[in-house]
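**Q** This is a predicted model, with the sequence first.
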Number of protein chains: 6
Amino acid sequence: DFLRALEEVHPLFGVSEEDLERCVEGGIIHFSPHIDKILQNGRDFINQVRTNSTPLLSVLLHGPRGSGKTALAAKIASESEFPFIRLVKPVDLVGMNEIQKIQHLSKIFTDAYKSPLNVLVLDNIELLVDWVPVGPRFSSAVLAAIKGLMENKPPKGRPLLILATTSERTVLQQLQLNFNMQIAVPNVNTQHELAHVMRESGAFADADVERAIGEIEQTTGRREIGVGISKVLLCVQTAMQSREDRTGRFAEVVSEAVAESVG
Amino acid sequence: DFLRALEEVHPLFGVSEEDLERCVEGGIIHFSPHIDKILQNGRDFINQVRTNSTPLLSVLLHGPRGSGKTALAAKIASESEFPFIRLVKPVDLVGMNEIQKIQHLSKIFTDAYKSPLNVLVLDNIELLVDWVPVGPRFSSAVLAAIKGLMENKPPKGRPLLILATTSERTVLQQLQLNFNMQIAVPNVNTQHELAHVMRESGAFADADVERAIGEIEQTTGRREIGVGISKVLLCVQTAMQSREDRTGRFAEVVSEAVAESVG
Amino acid sequence: DFLRALEEVHPLFGVSEEDLERCVEGGIIHFSPHIDKILQNGRDFINQVRTNSTPLLSVLLHGPRGSGKTALAAKIASESEFPFIRLVKPVDLVGMNEIQKIQHLSKIFTDAYKSPLNVLVLDNIELLVDWVPVGPRFSSAVLAAIKGLMENKPPKGRPLLILATTSERTVLQQLQLNFNMQIAVPNVNTQHELAHVMRESGAFADADVERAIGEIEQTTGRREIGVGISKVLLCVQTAMQSREDRTGRFAEVVSEAVAESVG
Amino acid sequence: DFLRALEEVHPLFGVSEEDLERCVEGGIIHFSPHIDKILQNGRDFINQVRTNSTPLLSVLLHGPRGSGKTALAAKIASESEFPFIRLVKPVDLVGMNEIQKIQHLSKIFTDAYKSPLNVLVLDNIELLVDWVPVGPRFSSAVLAAIKGLMENKPPKGRPLLILATTSERTVLQQLQLNFNMQIAVPNVNTQHELAHVMRESGAFADADVERAIGEIEQTTGRREIGVGISKVLLCVQTAMQSREDRTGRFAEVVSEAVAESVG
Amino acid sequence: DFLRALEEVHPLFGVSEEDLERCVEGGIIHFSPHIDKILQNGRDFINQVRTNSTPLLSVLLHGPRGSGKTALAAKIASESEFPFIRLVKPVDLVGMNEIQKIQHLSKIFTDAYKSPLNVLVLDNIELLVDWVPVGPRFSSAVLAAIKGLMENKPPKGRPLLILATTSERTVLQQLQLNFNMQIAVPNVNTQHELAHVMRESGAFADADVERAIGEIEQTTGRREIGVGISKVLLCVQTAMQSREDRTGRFAEVVSEAVAESVG
Amino acid sequence: DFLRALEEVHPLFGVSEEDLERCVEGGIIHFSPHIDKILQNGRDFINQVRTNSTPLLSVLLHGPRGSGKTALAAKIASESEFPFIRLVKPVDLVGMNEIQKIQHLSKIFTDAYKSPLNVLVLDNIELLVDWVPVGPRFSSAVLAAIKGLMENKPPKGRPLLILATTSERTVLQQLQLNFNMQIAVPNVNTQHELAHVMRESGAFADADVERAIGEIEQTTGRREIGVGISKVLLCVQTAMQSREDRTGRFAEVVSEAVAESVG
Ligand SMILES: Nc1ncnc2c1ncn2[C@@H]1O[C@H](COP(=O)(O)OP(=O)(O)OP(=O)(O)O)[C@@H](O)[C@H]1O
Ligand SMILES: Nc1ncnc2c1ncn2[C@@H]1O[C@H](COP(=O)(O)OP(=O)(O)OP(=O)(O)O)[C@@H](O)[C@H]1O
Ligand SMILES: Nc1ncnc2c1ncn2[C@@H]1O[C@H](COP(=O)(O)OP(=O)(O)OP(=O)(O)O)[C@@H](O)[C@H]1O
Ligand SMILES: Nc1ncnc2c1ncn2[C@@H]1O[C@H](COP(=O)(O)OP(=O)(O)OP(=O)(O)O)[C@@H](O)[C@H]1O
Ligand SMILES: Nc1ncnc2c1ncn2[C@@H]1O[C@H](COP(=O)(O)OP(=O)(O)OP(=O)(O)O)[C@@H](O)[C@H]1O
Ligand SMILES: Nc1ncnc2c1ncn2[C@@H]1O[C@H](COP(=O)(O)OP(=O)(O)OP(=O)(O)O)[C@@H](O)[C@H]1O
Ligand SMILES: [Mg+2]
Ligand SMILES: [Mg+2]
Ligand SMILES: [Mg+2]
Ligand SMILES: [Mg+2]
Ligand SMILES: [Mg+2]
Ligand SMILES: [Mg+2]
């Protein structure tokens, strides 16, 4: 009945395929050549696994909070059109104890091994091992399980691509949670990139873009932006709420974000 | 029966709507323009969520103990007239173990997702994660749950505003418990503001107000007050108990509070 | 059956009303004006709650070990003649686990809320949270429960006065266990106060009192006493056991206590 | 059934009255006036409790390992001829968990409260609270229980004398485990005292005694002995095993013990 | 039923004999005389146990990650053709609690003792004791079990060779997990060795080999390689994916690996 | 059923009398006068207990790993021909939890108390208390149990000799695990002693012995050996496997062991 009990463990929140879509709701804006390269790399990994030349490949997308790691991983995974695609995120494990988490993760791997081509997205993998910055603490049992599962060679003919994301890369190194490949996901870093995003959003005229950029530089006293795409898009949204000077409001909130990222 | 058991978990104390009202029993005194701005911001957040332009918005009200954080959050929430408004406070979780707390919190979120418009007030959120200053200690499991729940995008058409309060903002930063917006709630800081509260209380004549202010400055040797609105109102109450010199008694107890806040 | 089990939790030792009386068995000797002031303050608190002007008032009596904190709190509580008076002391929780302790404490509060006027005496509150000086250690779960229960506003018309005692005030500050009011309980500090206690005890003639005081000063080389009323009364008892020189014996044992308190 | 289960807890080893006797199997040798004073003090405590002038008296016998603390406590207790005498020693708690230990100790106190006159001997009280020197560690739950039980006033007419022993007095102070009275138990410290023990043993002629003392001084290069009575008696036993020079053998093994106690 | 429950513990993943084969899927390339010596030593150990001259022999293969420890241990074990050969690897213990892990490991040893000749491969033995680098942490219960099992002499006529692998040799020393013999497994360290691997792979012409070596030296600025055979073989695979300049691609990815190993 | 369950606890591996014999399989080589003295001491302890002059005697054999502690303890125990002889070693406790270990150990003592003459061998006693060097960690519950059991006087007429072994003497001192007597077990330390072992082994001619000694001195550059008898005998075994120069091979492997012991 221990085993039966374990089988009965269900995540509190669904893991349906629409999860993947929701991760790229904000679309993918090609604000920098890095974005294209990341997606190209992703397609290469997919092919490498599809041809079974490497039956097990683990890739880590790392970068600042809100830089778009999850969206990019989801994009790569969904474009693969592999029969088994699964997104695992921290909230899925909420309310489980260590044993249940391990059983849940194990089941995802064994489910994958029933399909001929597989992609797993392990989102915010540092939180999957219950890592918290104070202490620091983490679940060494879940860590050992993920490590064991990630290094265990799949059965013949069941190649598996693992895409993991993290904003705590050094933590993973300290935990010796290793990956075959690593990809850095950048912030919106230059004025040029910011302008690109503004234009793509369709919410600003060219003059607005220039004015906003100028105001941000003046307010913050610096040309570097260093804000995640996720926050930039939120700033656009916020600015749109303004009934008067949307461009001014955009410059204002982006400036705050720039200041915060420096501070 | 594990799941059934979890469903049976009830807080020791009720969470009825009158809870919200009790939080603003002392009313809201507009002793400073900050108060108006906080309430305006609150109305903006409500609208932003109501129009579904941002389906998930988390706001932190932080400030010294007794500065009125809970009252302001309750005010904003109850003015929204959203169909689902819920106040979660530490005593609600008393007597539960970690799993039960997580289950209780999860249920509140899933309950919210059944309603088209939602506000959650997470009061003293640092205590919700069982934080205690010595050690320091906290429940990393409950922290992970709250983090996961707070960052999990609501289902389509179920926008959610989260209002959290804390007097331990740096703790939240250390725990990487992040919010989209932050609002500082101030103490009663100036003589002018204190005079405002005294007058609003209807318990003092104008001459009394001036005399009290003068005596406080003389006793404490300083013009800054730096006492929470909650304590100031208690001082009014205490003074009212005095059968003789209410103004003098008020000056006395406020002076003690000023000294304590400096000490 | 979890709830049922919890209801079945009973303290190992009775908590009948005679408990309160036993705490003041040694009577209250008014050896210093502080004692009168403390009792007056106590009566004021009782009235403040009785008139419902403050529905929840928490007061901490702090002072050295044996200074009479428990006796004074018991005195104030029993003089109130409130329908619900309850003394909670560490030994009541012996043999309970954390959950049972929390449940026991919660039940005391909910019991109180059934009565129109309530006093709770939380004796040695630092031990109620399982505090031990080495480590230091304490039960953060019980601490959180007591904190939550003490800050939770009572239902309408159920005003509550909480009288807590401690000889570890700085510990409570570190644990952020806050009170609305604090009262310091003093030792028997001066020769004058010691003489007062000796006379009140009816065991010594006036000449004896003077002689004892003189011998103590000579033996210890200091005029300050700094011994708790509880220990002084024990010294009287011990001296009474002597079949010969009771005064000399009293001076001897008090001198030892003075030396120990300095050491 | 929780309570029933607790009642069923029995110590692994019997606690019959013959336990007390076995503690003084080696007799009491009056090798120093301190021994007489300790026994006299013990009789005084017994009387003080017997006359109910002090209904609760706790006394700590502290001293080096093997100095005779347990034997003296057992002697005092058995001479009292009180109807309830109970020896509690660490091995009695072996195999119990914290709850069972606390229940076991609580039961001993409640058993005592059924008798009109009581002595409890808490042997090696630091081990009763599971103290171990590395860490250091101890059971804060059992500590809290013993503290609570030891400070809890007995019911009317059930006076109780608690005799505790320890070779770790500073540990008890750190744990704030307090006693009303403290008695130091000494080692066999002088040549004179050692000679006394040798003679009392009936195993050595006067010349042997002198020779042994001389050889010990020569071997160790010091006049101080500093060895527990328990070890000295073992040395006598060992020497008796020797078929040849018993005095020489005695000097040899005592010298080793002296060296060890210095080292 | 405790025992029955323990017997029912099964690893999440099978431990069939094909496990051993999968470990040497990449073959054994004799890129250095060390490889031959390791295999010869392995054969010697097998014989020593086969002749029962040493009924219990434990050997540790240690070296950098990916240096081929598992492949070599599997090779030695499978060449023995002993009736009982068993590979134990960390993922086998995933989802078990401490007791179950210990029971699982114990059962493997007792199973072995039913066969006349036995080899056990304990792969990544530091992970078998749940070691994680942060803290550091490990399961002292499983460690004690493995230590006890590894030092326990087999029954008569049941000689046992234990081959353990680790990339954390100093950890094992700190844990006092001792072995009778230790063998160091090297990386591909020299240009000569790298050339050997390239040629053996059959994927490069002699001119390609020379060119690649030259490019790697130029890119990295160093003649030492210091990359595990496992990574080198992955580089070959990756290069084969390239449709154009496979040699250049090989040089590129090996150079990255060299840089990483130095970094 | 708690007690019943405890009674059902059985060690994973048998503890039959042949265990003792297996410990001295390598025989006892009298390579040094210390060996004779240790065995003579052992016989004395046996007699001392047999005559009931000391009803409880605990002896610690301490020395470097592999120095022969277990073999000597087993030899002494088996020569006693006492009706109850029991060897307790760490692997016996594998798979038990703390309570079960304590129960297992308690049962061994109570079993002993049914026999008129008893020897217990507690092998590697530091591991019996679950000590691990990192942390360091140990089971304070099992430690307390062993301490309590070892200091508990046996019932009348059930004298008990406890022989414990350890290679971690300072650990035992830190844990305050005390013994009545201590015996140091030496390594094979001198060339003379090594020669003795070689000759006794019957595998080398006198010339071989001299040559080996010479080569070892030359290789290691030192005259001291400092290798446990256990390792020396393994070196003999290994050398015997060599088909050519057994003496040279012996010198080689002993030299390695010498170097390692110095290192
Ligand atoms: N080039 C881009 N790359 C990634 N995301 C993009 C890009 N352009 C637009 N987006 C949008 O930006 C958002 C990126 O947020 P996302 O949650 O993926 O960031 P993240 O790095 O995973 O954040 P976190 O650190 O909180 O996990 C998504 O809504 C995505 O649709
Ligand atoms: N401008 C104001 N802002 C907030 N509260 C006010 C204001 N004016 C009056 N009050 C009253 O002051 C009290 C504020 O107490 P409240 O419990 O909200 O403070 P808090 O900051 O949440 O305290 P704590 O740090 O203990 O949680 C309430 O009774 C409220 O009705
Ligand atoms: N003025 C006084 N104030 C308090 N207690 C007094 C006074 N006069 C006499 N007593 C007697 O002194 C004793 C005080 O002991 P009490 O246990 O109350 O001290 P305490 O400070 O609570 O000690 P502890 O720190 O151990 O809790 C009581 O027996 C009480 O009757
Ligand atoms: N004057 C004495 N005082 C105490 N014990 C004595 C005296 N004379 C002889 N003895 C004998 O010496 C022994 C003292 O040992 P005991 O176990 O009481 O010492 P202990 O201080 O309790 O040791 P431990 O520190 O190990 O608990 C007993 O056998 C006792 O009969
Ligand atoms: N000479 C060799 N020695 C070992 N492995 C070799 C050799 N030649 C080729 N190989 C192949 O290289 C790979 C070595 O990987 P392996 O997993 O054994 O390394 P490892 O040191 O155990 O790695 P890890 O540190 O991750 O456990 C295997 O696929 C093996 O077939
Ligand atoms: N003089 C001797 N003393 C002890 N053992 C000897 C002696 N001569 C030969 N031997 C053999 O040497 C071996 C000693 O190994 P043993 O396991 O007793 O050492 P140990 O000190 O207990 O090791 P460990 O520290 O690993 O417990 C045994 O096989 C024993 O038969
Ligand atoms: Mg993300
Ligand atoms: Mg608040
Ligand atoms: Mg008190
Ligand atoms: Mg003792
Ligand atoms: Mg490996
Ligand atoms: Mg041994």
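**A** Sure thing, it's come through. Ligands and ions are numbered 1, 2, ... in the order given.

**Q** So residue A:106: helix, strand or coil?
**A** Classification of residue A:106 by DSSP: H, G, I helix; E, B strand; the rest coil places it in helix.

**Q** Next, work out how far apart it and chain D are.
**A** Residue A:106 sits 32 Å away from chain D when distances are taken as C-beta to the nearest C-beta, to the nearest Å. Every C-beta, even on glycine, is put in place using the N, C-alpha and C of the backbone.

**Q** To what extent is that residue buried, counted in neighbours?
**A** 20 (other C-beta atoms under 10 Å in any protein chain shown).

**Q** So the residue lying closest to residue A:181 once chain neighbours are set aside, which state does it fall into?
**A** Residue nearest to residue A:181 in three dimensions, not counting chain neighbours: residue A:59, with 4.5 Å by C-beta to C-beta, 6 or more residues apart in numbering or on different chains. Secondary structure state of residue A:59, per three-state DSSP, is strand.

**Q** Could you confirm residue A:95 falls within a strand?
**A** No - applying three-state DSSP, one finds residue A:95 to be coil, outside a strand.

**Q** and chain A, which residues reach chain B?
**A** Proximity of chain A to chain B, by C-beta under 8 Å from any C-beta of the partner chain, involves residues A:5, A:8, A:12-13, A:22, A:65, A:89-91, A:93-95, A:97, A:127, A:130, A:132-135, A:137, A:234, A:237-238, A:240-241.

**Q** Could you give me the PyMOL syntax to select whichever of those are buried?
**A** The following PyMOL line selects those of the residues of chain A next to chain B that are buried, judged by 16 or more other C-beta atoms under 10 Å in any protein chain shown:
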select buried, chain A and resi 12+13+22+89+90+91+93+94+95+127+130+132+134+137+234+237+238
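
**Q** quick one: which of the residues of chain A next to chain B sit in helices?
**A** The helices, defined by DSSP state H, take in A:5, A:22, A:127, A:234, A:237, A:238, A:240, A:241 from those.

**Q** quick one: the second one and residue B:152 touch, right?
**A** When you say that, I think you mean residue A:22. No - contact criterion C-beta atoms under 8 Å: residue A:22 and residue B:152 do not qualify, at 10.2 Å.

**Q** Which part of chain A gets nearest to chain B, residue-wise?
**A** residue A:91 (3.5 Å; C-beta to the nearest C-beta).

**Q** Against residue A:127, how distant is that residue?
**A** Distance, residue A:91 to residue A:127, using C-beta to C-beta, to the nearest Å: 9 Å.

**Q** Repeat that for residue A:136.
**A** 12 Å.

**Q** returning to what we had before: the residue nearest to the residue of chain A closest to chain B when sequence neighbours are not counted: what's it in contact with?
**A** Counting by C-beta to C-beta, 6+ apart, residue A:91 lies nearest to residue B:148, which is 3.5 Å off, once chain neighbours are set aside. Applying C-beta atoms under 8 Å, 6 or more residues apart in numbering or on different chains to residue B:148 gives the contacts A:89, A:90, A:91, A:93, A:94, A:127.

**Q** can I assume residue B:148 sits in a helix?
**A** Yes - membership of residue B:148 in a helix is supported by three-state DSSP.

**Q** So for residue A:160, what's the pLDDT?
**A** Looking at residue A:160, its pLDDT is 96.

**Q** I'd assumed residue A:112 was in contact with it.
**A** Yes - with contact defined as C-beta under 8 Å, residue A:160 counts as touching residue A:112 (5.9 Å).

**Q** who touches both of the two?
**A** Common neighbours of residue A:160 and residue A:112, using C-beta under 8 Å, 6+ apart, are A:118, A:120, A:154.

**Q** Pull out the buried residues from the residues you listed.
**A** A:118, A:120.

**Q** Tell me the spacing between residue A:126 and residue A:95.
**A** Note on residue A:126: its distance to residue A:95, by C-beta to C-beta, is 19 Å.

**Q** Just the buried residues of stretch A:247-263, please?
**A** A:247, A:249, A:250, A:251, A:252, A:253, A:254, A:255, A:257, A:258, A:261.

**Q** how about the helices in the stretch 151-263 of chain A?
**A** Applying DSSP state H, counting those that start in this stretch to the stretch 151-263 of chain A gives helices spanning A:169-174, A:191-201, A:206-220, A:229-241, A:246-262.

**Q** I'd like to know which of the ones you listed is closest to chain C.
**A** Going by C-beta to the nearest C-beta, the one of the helices of the stretch 151-263 of chain A nearest chain C is helix A:169-174, 25.4 Å.

**Q** Could you give the number of residues near the closest residue to residue A:129 other than its chain neighbours?
**A** Nearest non-adjacent residue to residue A:129, counting by C-beta to C-beta, 6+ apart: residue A:143, 4.3 Å away. By other C-beta under 10 Å, 24 other residues sit near residue A:143.
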